[in-house]
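Student: quick one, what's the 3D model for this:
(2 chains)
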2 protein chains.
Amino acid sequence: MSIKVAVVGYGNIGKYAVEAVQAAPDMELVGVVRRDAAGIQPPALADIPVVTDIEQLAEVDVALICTPTRLVPTYAAEILAKGINTVDSYDVHGQLVDVRRELEQVAVKHNSVAVISAGWDPGTDSLIRGIFAMMAPKGITYTNFGPGMSMGHTVAVKAIPGVENALSVTIPAGTGIHRRLVYVQLAPGANFESVKQAIKQDPYFVNDETHVYQVDDVEQLIDTGHGVVIERRGVSGKTANQHFKYEMRINNPALTAQNMTACARASVKQKPGAYTMLEIPIIDYLYGDRDALLRELV
Amino acid sequence: MSIKVAVVGYGNIGKYAVEAVQAAPDMELVGVVRRDAAGIQPPALADIPVVTDIEQLAEVDVALICTPTRLVPTYAAEILAKGINTVDSYDVHGQLVDVRRELEQVAVKHNSVAVISAGWDPGTDSLIRGIFAMMAPKGITYTNFGPGMSMGHTVAVKAIPGVENALSVTIPAGTGIHRRLVYVQLAPGANFESVKQAIKQDPYFVNDETHVYQVDDVEQLIDTGHGVVIERRGVSGKTANQHFKYEMRINNPALTAQNMTACARASVKQKPGAYTMLEIPIIDYLYGDRDALLRELV
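Tutor: Predicted coordinates:
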């Protein structure tokens, strides 16, 4: 029987989430929840129920929460309380343990499952860091992002007064150090120097080397390609000089949506509660017969 | 309370397993099981009980089975039947699903846990292949081994009549194709040409480009360094051109032993049964407080 999935939010990630659910052989896309469900819908949603409230959909097993990250904890708690599993890509690293604990209580009470921080970082990158730590318990892991557009940093710049449109590109400088290139399109009458200073003092940028450029049309620069290199040198048992490296070059929202979709599949196999991706066996994310998967992958 | 671990077999992997257990903060090495327990022991075992039968050790939670791979299913079943968890690095890819099923029955009956094929390939490489398949369900994964000494291939050559000592080196030729370089030291009176033909017709070599060289002293060539590159290009949802790559350069038996030790830790957290590494959450392999691990890794 198909897993019935709803996509909540139809921004950057939501668009790709619709595609990823449609591409999954074991899933049925039962609808999209968005604020502006009354207006004319984009062609991609032509045959899909679009509603303003998840309650308006007949039956939902799992909701992919594709809202801005700061809204995730509230939306997830509301949906979990309806007995519906949730998957999000909540990316505030410092707070996710607390969010996990809050959602755990709601999920256990209402017999549902939350998979949190289920994008690529946090998400699949977290799995890689975990495997690296297993293989060499002593050592240092460096996560190097980019080159590519950072969604979180771009949203942060857009929230600054005087900014009409923005793009924040992350450039890896090695050993986990990053340079930020910020391209801004100003609102009429805005002052570039004050916008530039506001960006450099923003918590998202204050610790990194940040360069701000004024451009006429940000849209002409946007490419959602991104990448990461995760490296660890460390010690296995008592043997030093073990070296591990993971690298990917990807369409950012497409991978986030794909990973969330895999977590939707895993969610229906877990006991009620809240999980990060590290707390779920990898085989649960995959579609297919268990023995066949083991023969192929092990 | 410490996890009480015994190491069964003291060959290449067993030596590093002793070190890895000693280096694990949550484990106690309770003894080593080896055929020649009566003789003079190597300095590394000076303060460690050495016995011929695991029954001679007072209390064991987990046994790391470091015997030759073909002996693993028998040893594992015997030890599981005593209610002791087992971890092995069984590497016969074509048979591991059957071995898992056999050991599952023994483990469930005797309230123990088996973690099978828990080295690096199969093992942590299997986890990487699983994560790659999750991120891009459509696509091709290539596993490229080496350059490095292949334990399995070396053992296969040593079993051929006329071979006194041998070394099989695996050279990656890209896209999952490998070249095998075999160095043999002949027994007195052996004929090189017939040994060479026997190697080339062995199931371990018959499908690969294989070069055989005669040398005077194989020991002078041995380096246990090894490596792997796993690559996948594929489709996330409906988005093509997603590219993933994993690379490691490692001391081979040290990594195998480290991974088995991590699986010993994970084994005490699972319900009775038999597991491959894909069937256990990654966090279970790691030492430390759960919230602290999540803060560090997610």
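Student: give me phi/psi at the residue lying closest to residue A:173 once chain neighbours are set aside?
Tutor: Using CB to CB, 6 or more residues apart in numbering or on different chains and skipping residues adjacent in sequence, the residue nearest residue A:173 is residue A:179, 5.3 Å away. For glycine as for every other residue, the C-beta is placed from the backbone atoms N, C-alpha and C. Geometry field for residue A:179 lists phi and psi as phi -110, psi 140, criterion degrees, to the nearest 10.
Student: also residue A:188?
Tutor: The phi/psi pair for residue A:188 (degrees, to the nearest 10) is phi -50, psi 130.
Student: and the residue of the stretch 1-150 of chain A that's closest to chain B?
Tutor: residue A:20 (3.4 Å; CB to the nearest CB).
Student: what does the strand or helix carrying that residue rub up against?
Tutor: Following DSSP states H and E, one finds residue A:20 within helix A:12-23. Residues from elsewhere that reach helix A:12-23 (CB atoms under 8 Å, 6 or more residues apart in numbering or on different chains): A:5, A:7-8, A:10, A:27-29, A:32, A:34, A:44-45, A:48, A:64, A:66, A:89, A:119, A:151, A:224, A:251, A:253-254, A:256-258, A:260-261, A:264, B:137, B:235-239.
Student: mind checking which of those are buried?
Tutor: Neighbour-count burial (16 or more other CB atoms under 10 Å in any protein chain shown) applied to the contacts of helix A:12-23 gives A:5, A:7-8, A:10, A:27, A:29, A:32, A:34, A:45, A:64, A:66, A:89, A:119, A:151, A:224, A:251, A:253-254, A:256-258, A:260-261, A:264, B:137, B:235-237, B:239.
Student: got phi/psi on the nearest residue to residue A:55 once chain neighbours are set aside?
Tutor: Leaving aside its sequence neighbours, residue A:55 sits nearest to residue A:82 (CB to CB, 6+ apart; 7.5 Å). Main-chain torsions, residue A:82, degrees, to the nearest 10: phi -90, psi 0.
Student: repeat for residue A:87
Tutor: Dihedral angles (degrees, to the nearest 10) for residue A:87: phi -130, psi 130.
Student: so it makes contact with residue A:117?
Tutor: No. Applying CB atoms under 8 Å, one finds residue A:87 not in contact with residue A:117, separated by 9.8 Å.
Student: tell me the contacts of the nearest residue to residue A:248 once chain neighbours are set aside?
Tutor: Leaving aside its sequence neighbours, residue A:248 sits nearest to residue B:244 (CB to CB, 6+ apart; 4.7 Å). Going by CB under 8 Å, 6+ apart, residue B:244 touches A:246-248, A:250, B:132, B:135-136, B:231-234.
Student: just those residues now: which is nearest residue A:283?
Tutor: residue B:132 (13.5 Å; CB to CB).
Student: the contacts of residue B:244 in strands, which ones?
Tutor: When DSSP state E defines the strands, the subset of these inside them is A:246-248, A:250, B:231-234.
Student: which one of the residues you listed is nearest residue B:141?
Tutor: residue B:232 (4.3 Å).
Student: ok, stretch A:286-298 near chain B or not?
Tutor: Yes. Stretch A:286-298 is in contact with chain B by CB under 8 Å from any CB of the partner chain, via A:286-287, A:291, A:293-295, A:297-298.
Student: which one (most neighbours) among the ones in strands among the contacts of residue B:244?
Tutor: residue A:246 (26 neighbours; other CB atoms under 10 Å in any protein chain shown).
Student: do you know the pLDDT at the residue nearest to residue A:173?
Tutor: At residue A:179, the pLDDT value in this model is 97.
Student: OK, contacts around it?
Tutor: So residue A:179 contacts A:170-171, A:173, A:208-211 (CB under 8 Å, 6+ apart).
Student: how about the residues of the stretch 1-150 of chain A by chain B?
Tutor: Looking at chain B, the residues of the stretch 1-150 of chain A close enough under CB under 8 Å from any CB are A:16-17, A:19-20, A:22-24, A:93, A:96-97, A:100, A:117, A:120, A:122, A:124, A:126-131, A:133-137.
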